[in-house]
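> below are the sequence and a predicted model for it; my questions follow.
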Amino acid sequence: MVKIKQVNVAANYAWSPAENHPVYIAAGTAAQQLDATFSSNAKLELYAVDMADESYTVKCAGTIETENRFQKVVWGSNYTDGAHTSGLIVCGTDKGNIEIYNPEKILENEADCVLTTSKHTGPVRSLDFNNFQKNLFASGANDSEIFIWDLKNPTNPMTPGAKTQPTSAVGALAWNKQVQHILASTSSLTSGPCCVVWDLRKNEPIIKVQDPSGRMQCSDVTWHPDVATQLVLSSEDDHLPVVQLWDLRFATSPMKVLEKHSKGVLSVSWCKQDADLLLTCGKDNQVYCWNPNSSPPEILCELETGAQWCFDVQWCPRNPNVVSTGSFDGVIAIHSIMGGCAPVDSANQNQAQRNKITDAFGSDAFAGEAPNQQQQQPKAKSVPLKKPPKWMRRPCAASFSFGGKLVSFGNNPPAENQHQQPNHRVVKISQVVTEEKLLERSAELRRALADDAQCTDYCRKKLADAQNEFEEDFWSFLKVNFESEPRKEFLQLLGYNKVDLKAKVSFYLEYSDCCCFDRDSSQLPPTLDGPRLQFASPDSSSLPLSEEIGEVCLFSRSETCLVELSHSTGVLSLLKNIDSMISQALLIGDYEAAVDLCLHSNRMADAIVVAMAGGPELMEKTQKRYFEANESKISRLLSAVVMKNWGDVVKSCDLENWKEALASLLTYASPDELITLCDELGARLEKHPDLKSNACLCYICSGNIEQLVRSWNNVKPENNSNDIQDLIEKMMVLHRVVEQRSGGRSAASMGETASEKLSEYAHMLAAQGQLNAAMEMLPASSDKISIQILRDRLFHSQGDDVAGYQPPVFPFARDGVRGGQRPEAQVQPRRQGERLPAATPNRPQDVNPYARPNQAPTYSGKGCVGTTPQAPTSMFTPQPVSMSTPQVPGLMPVSESTDRSITTPEICIHPAIHFFYSVKYGRDRPLMHYLHKSIFIVLHPSQMPQSQAPSYQPYMAPVSAPQAVPQPMGNPPGPPSNGYTPDAERKHSSGGWNDPPALDPNRIPKKKKQVISDNIPSPQPIDTSQLNMMTPAAPAPTPMGQMMQPGSSPMMQPGTSPIMPGVYPSSAPMQNIPPVSLSPLKTAFYTTTTPAPSVQTGALKGAPKAPIPTEHQILQTQFDELIKKAMNQNNNQQIKRKLDECSRRIEFLYDKLRGNSLSPNIIGGLHQVAQSVASRDYAGGLRHHTHIVTHSNFSEISAFMPGLKSLLQIAGQLRI
Amino acid sequence: MVSVINTIDTLHEDMIHDAQMDYYGLHLATCSSDRSIRIFEVKNGTQRLLSTLQGHDGPVWQIAWAHPKYGKMLASCSYDRKVIIWKEQDGQWIKLYEYADHDSSVNSVCWAPHELGLILACGSSDGSISVIKHHGENQWEATKINNAHTGGCNAVSWAPAVVPGSLIEPPSQNQQNTFVKKFCSAGCDNLIKVWSDKDGRWEEVEKLQAHTDWVRDCAWAPSIGLPCSKIASCSQDRQVIIWTSDESTGGQWTSKTLNEFDDVVWHVSWSLTGDILAVSGGNNKVSLWKEKLNGDWTIVSDIGKGQPGSTE
């Protein structure tokens, strides 16, 4: 218990009722006391006990002067139908009055007494409010006078029964806490009963408690908060300083006696919130907190109050952590039973003294001025209760966990708890499902996706259920994808039935054959009469063709251009002369001139006929000129039809006629074009305020899921699970369609927005406990970290054995903390504001401060220094490494699966690198700090940080690391600084899954192309663009600059010796290897491309490779197949060598895939390349290739990208 | 719809105060007034006691699992004023670290989002909050916020590290350094406070005032898909309040009372998607709440057969 606040006032007081907020103490000047100033004033004051206020003092919130001093103050809460929301303060005065005040008035310093009665004759020492009927209170005075007052009718108090004889002053009154009509009163007499219990219904005492010793002088009484028959009496007799617990069912002797006080006990207070807490205080200045229910009663806490008797102790009704004591030195102290720290207050005591004196002089200037000084004293620690109070013991809680599971306990009524039912120790795990509809629909969707027949039915059903036209369109469009000829079906949906369609197609074709129509139909050759004649005639409305005109007029519905054109016949007479000229031209074989003439005279048909004779070139030219000359709107359609220029249609058509545009695309566009054109049309529609919803239909036709999702988002921002389900259904069906279109060979990859949606959806399903369904919905190809995280969580939540799934890689960088290897860590508690001791190195990153091997690049001092790898998890003791000693025998690998055969590689680092790290990590970090991981990094100066993004990424490969530990990609080694490009950092952090691929014994190890270990690949020419990053300012080449590739590490098998140029087993001292001298550029190339193979070849000898993750196997299939095809197709030896080289390089890619060491964007790019390969679009593949190269960290991909590039080039050349 | 899938007799000898599932939902940790922590494996409707952790000298109030990237790690806090970090190592649970710098009961422990590192916040009845941070090799450093809540701190809860509104994708790339490093705390001063890391110091950035009695618990909602920050708080005053702050509109916190219950509310817990709030009341009732489109909260499920008026 610790004192937290103090009011310096000699007063009888009461806490505000539990209902009231904020909490006040009402303090009325004590009648039986005089303070040091001998003041005889009387006041009633309210003090605001603000727990949020950190200061020690309590602010006086209102004061009124009163006529009388007070013997007892109680504060009742507002009773039913009462008008006093803050309740009423009832005071017993020393003159026998009962005065009732409204606390709200006191706060306004208004001295209005609500009521004053003077029924009692002597000082009113005891008051108590009824717990059930808040309008009732009891009062007691001398001569055993007890009245029961009703605030609703305060004029006529009643008595509980006949006065007990002999009469004595009523020291205390207490209403039973369980039975509302039971009241206990105490008598100060030692003779006779010390406590009488009244039954107000019977209007008589029902039991008289008499202490067997007969010496009990009862000072206070209080009822058990929960048990109706138990009460506690305190004895103020110094010879019997006890507290007795009585059970009235056995009222011959007390049930328990609480003995600890050394002098008379003056006050008791039983905690309403926890019956195991009883406070007592007395003339020995001690306050004890008991558990009266334990046997024997146990003291939970004690407190010494000061130099004076403590005459009163109370629990704060509202905040049971707080108790108050009143003592005769004029202090009301407020304590926290929670212990802890509180200011020790000596200054305040002095302040209290001063206050008393200022009070004595009645100086208003000081009144109410609360001393507001902060306590600067050292804090005293105090012990909390031995056992936590009930209100600290959380009885129940329900917490969510992954998969919509709710873990709960305590779901049983507390009453049962008391009987120790085993229920109190039961924890329940429940599945929460709030979106039943969603699950239903999701299940339906998944069933539908199982096969085509289901899918068609599903679409049909969806179509039938469609609520609006939009939905209907949507589902009909999706549905026809499963028909045999979706394009035709699409057209039909757009309003063209099959028969009409045929007519139209022929019309278009014919039309384009002729390419123009004449101003005068009579000039047409008779064979061409018929439909066209009708078409051109202005009153041919009887035929559907006139409708068609409207339909084909993409550029405006109102267009009737054809008709108009055919009637512009104003220049007929003029033509006669021209005829002869044309004839002449034709006669001399000058077709071009003839055409010119024809065109000039607007005789288009003639021009065309002549042009046909003049050959295709002239024909084309003529067509072009025709369109140039005829700026009518339809000409663009014609132009499109003839020139096959659908891009123009899509770009310029009137969006009102999007249906027609789409129809023409479906009719004419080639499969490849169709996709782009539909997308383009969709993109235009999206921008149209009224038509944007139709964009989705275009995307269905093109099969562009990504755009569909985007457009959908645009049209229907989702509000609930139903909306997203709506979208997912469409997405997934379309996805299936696309899959089907591509022959099911490659799963259509989801774009970013689509993946996001699916991931969101999967989250929703997971939240409903549908872990498996969620797993199915996750886009398999996506490499988004959020999706990987979810997949990992879903997989393992299902208990590590989910049928049909590979265990996913752990998507986080593990950060092991181990204890037990050293004595328990000491913590230096640091107070807010203190800085870290300077000796502690400032960690550059909060994330993963506990580095895994790749955390910090290992490097050593100047020149060539040899060191020994250590197992990543082992503790590191920085040790100076002698420059002259290539091997440090003391630093042997300490690996969990130690492989003693691992030899000591040596590294060589250019001084510039050393410089770089010194700059990067600052002076305060010991250089050798970074040597402690089993990483070897050999950097070449050309990769120095001066270069621009995306160039530099420190690479490291745990040389000695066995299969279980390698973590090629780690957390950022530090914040970007000093030219260290953020890009490289980024890649590090975003691709944080570092685990080795899980080995599945069921999987056949990949057939690998054996690479001969001594076959160090020869350099390949590489793009200059890739070399851009190698700054020309790079320092001079180092002889041994080499670098290892992280991706190779997973293949490292115990028992194999990694060999690489520049890093040699100890058996081959490096001195024996002559340095290779290269030009800067070439060196750069070597460093970035060559080492990995050699590492790998060393590693490959022993053991089979790990499998490539399923989702990436497609890459291998595609590329290997392509190489094979190229091999078969090719006879040229040189190309064959190239292909061999490609094959070897691409092998590095597979290794990286196995090691999961490629960042998501690279993998994404590679999938795109593979897709291009699948569709034999090698140019496209090269574009993707370039994209990867320009957007990735060069060193990450340099081992295999050149190979991939030449493969694509060769494939392009060979046209395979 | 709430259906019980596991009923676990923990065999604790006294009241249970907390029960938490690990990241994958495979392990259950419980703690009790019997001073022990128990760890169960929960699988397919069955459970198996794996370990009983003894080490506290008083009732254990709360437990919290660390992110799995740190291994199997558990923090516990107790009335004995101690915080213990436990770790499973080589199949054995060991006491990794003990923190005993509080002067009173430690009522709440909460791990920071894993992106921020291995950091634990602890709220104590002594009114202070400790933030304990791992510095590698089992070296821990504590920062203490004194006088965080007068009368005691009852709960701490970290804000998601990911900026609200950034949907599902965690910030990659250059947002590395813009991870949110904030937590909220609830106390006996009836307040919820929001603390933010400013260059290694914890600053009180917000004081949320609406409860009229002890705030028993506070929970920062997961940010997935939410455009704003949300905190749920519950109190002795029987109210559950949802606090919302939208950065786009100035970040001002506004309060909305979810409901006034008929008893003290002890605990609030967000579903992982942040759309459902589980409210546990003193009448031993658990109710699930969901926000409607208009921003009102509606009850979706009522669990438990608590007896009305079972207390007072």
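That came through fine.
> and stretch A:1151-1161, does that touch chain B?
No: using Cβ under 8 Å from any Cβ of the partner chain, stretch A:1151-1161 never reaches chain B; the gap is at least 9.2 Å. For every residue, glycine as well, the C-beta is placed using N, CA and C.
> where does pLDDT dip in the stretch 151-300 of chain B?
Low-confidence segments of the stretch 151-300 of chain B, defined by pLDDT under 70: B:164-177, B:224-227.
> helices of that one, start to end?
Using DSSP state H, counting those that start in this stretch, the stretch 151-300 of chain B contains no helices.
> what about residue B:228, how many residues nearby?
Per other Cβ atoms under 10 Å in any protein chain shown, the neighbour tally for residue B:228 reads 17.
> same question for residue A:155.
Applying other Cβ under 10 Å, we find 9 residues neighbouring residue A:155.
> tell me where the stretch 151-300 of chain B has strands.
Along the stretch 151-300 of chain B, counting by DSSP state E, counting those that start in this stretch, strands occupy B:153-158, B:182-187, B:191-198, B:201-209, B:215-220, B:229-235, B:239-245, B:253-260, B:265-270, B:276-281, B:286-291, B:297-303.
> for the fourth one, packing partners?
Under the contact definition 3 or more Cβ pairs under 8 Å, 6 or more residues apart in numbering or on different chains; DSSP states H and E, strand B:201-209 sits against strand B:140-145, strand B:182-187, strand B:191-198, strand B:253-260.
> quick revisit: how about TSV for the strands of the stretch 151-300 of chain B, with mean neighbour count added?
Conversion of the strands of the stretch 151-300 of chain B to TSV gives the following (neighbours: other Cβ atoms under 10 Å in any protein chain shown):
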stretch	mean neighbour count
strand B:153-158	27
strand B:182-187	26
strand B:191-198	21
strand B:201-209	16
strand B:215-220	27
strand B:229-235	26
strand B:239-245	21
strand B:253-260	16
strand B:265-270	25
strand B:276-281	25
strand B:286-291	21
strand B:297-303	16
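> what about these, which gets the closest to residue A:775?
strand B:276-281 (21.5 Å; Cβ to Cβ).
> avg pLDDT for stretch A:114-124?
For stretch A:114-124, the mean per-residue pLDDT is 87.
> tabulate the CA atom coordinates of that stretch in CSV.
Extracted in CSV, the C-alpha atoms of stretch A:114-124 (Å, rounded to 0.1, in the frame of the first residue of the first chain):
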residue,chain,number,x,y,z
VAL,A,114,-31.4,20.9,1.0
LEU,A,115,-32.8,19.9,4.4
THR,A,116,-32.1,20.3,8.0
THR,A,117,-33.7,18.2,10.7
SER,A,118,-33.3,18.3,14.4
LYS,A,119,-35.0,15.1,15.6
HIS,A,120,-32.0,13.8,17.4
THR,A,121,-31.0,15.2,20.7
GLY,A,122,-27.3,14.5,20.9
PRO,A,123,-24.5,14.5,18.4
VAL,A,124,-25.3,12.4,15.4
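> what are the buried residues along that stretch?
Residues A:117, A:119-120, A:122-124 are the ones in stretch A:114-124 that count as buried (16 or more other Cβ atoms under 10 Å in any protein chain shown).
> could you do stretch A:186-204 as well?
Neighbour-count burial for stretch A:186-204 [16+ other Cβ under 10 Å]: A:186-190, A:193-200.
> now stretch A:678-687
Buried residues in stretch A:678-687 (16+ other Cβ under 10 Å): A:678-686.
> do you know how far residue A:1213 is from residue A:1138?
Distance of residue A:1213 to residue A:1138, given as Cβ to Cβ, to the nearest Å: 10 Å.
> comparing these two, which residue is more hemmed in?
residue A:1138 (19 against 14).
> picking that back up, now, which of the buried residues of stretch A:186-204 sits nearest chain B?
Distances from chain B to the buried residues of stretch A:186-204, taken as Cβ to the nearest Cβ, are shortest for residue A:200 (22.2 Å).
> can you pull the contacts of the closest one?
A:148, A:160, A:181-183 (Cβ atoms under 8 Å, 6 or more residues apart in numbering or on different chains).
> in PyMOL, how would I select the buried members of the residues you listed?
Of those, the buried ones go into a single PyMOL selection, burial set by 16+ other Cβ under 10 Å:
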select buried, chain A and resi 148+160+181+182+183
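> biggest separation within the contacts of residue A:200, which pair?
Going by Cβ to Cβ, the pair spanning the contacts of residue A:200 furthest: A:148 and A:182, at 12.1 Å.
> still on that earlier bit, would CSV of the buried residues of stretch A:114-124 with distance to residue B:83 and secondary structure be doable?
Below are these laid out as CSV (distance: Cβ to Cβ, whole Å; DSSP: H, G, I helix; E, B strand; the rest coil):
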residue, distance to residue B:83, secondary structure
A:117, 57, strand
A:119, 59, coil
A:120, 57, coil
A:122, 57, coil
A:123, 54, coil
A:124, 52, coil
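> and the one helix or strand residue A:1125 maps to, what does it pack onto?
Take DSSP states H and E as the rule and residue A:1125 turns out to sit in helix A:1113-1129. Using 3+ Cβ pairs under 8 Å, 6+ apart, the elements in contact with helix A:1113-1129 are helix A:1133-1154, helix A:1160-1174, helix A:1201-1214.
> in CSV, list the ones you listed along with mean pLDDT.
Below are the helices and strands packed on helix A:1113-1129 laid out as CSV (pLDDT from 0 to 100):
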stretch, mean pLDDT
helix A:1133-1154, 81
helix A:1160-1174, 82
helix A:1201-1214, 82
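> which one of the ones you listed lies closest to residue A:5?
With Cβ to Cβ as the measure, helix A:1160-1174 is the member of the helices and strands packed on helix A:1113-1129 nearest residue A:5 (58.7 Å).
> that older thread, can you say which of the helices and strands packed on helix A:1113-1129 is nearest to residue A:462?
Short answer: helix A:1160-1174, nearest of the helices and strands packed on helix A:1113-1129 by Cβ to Cβ, at 29.5 Å.
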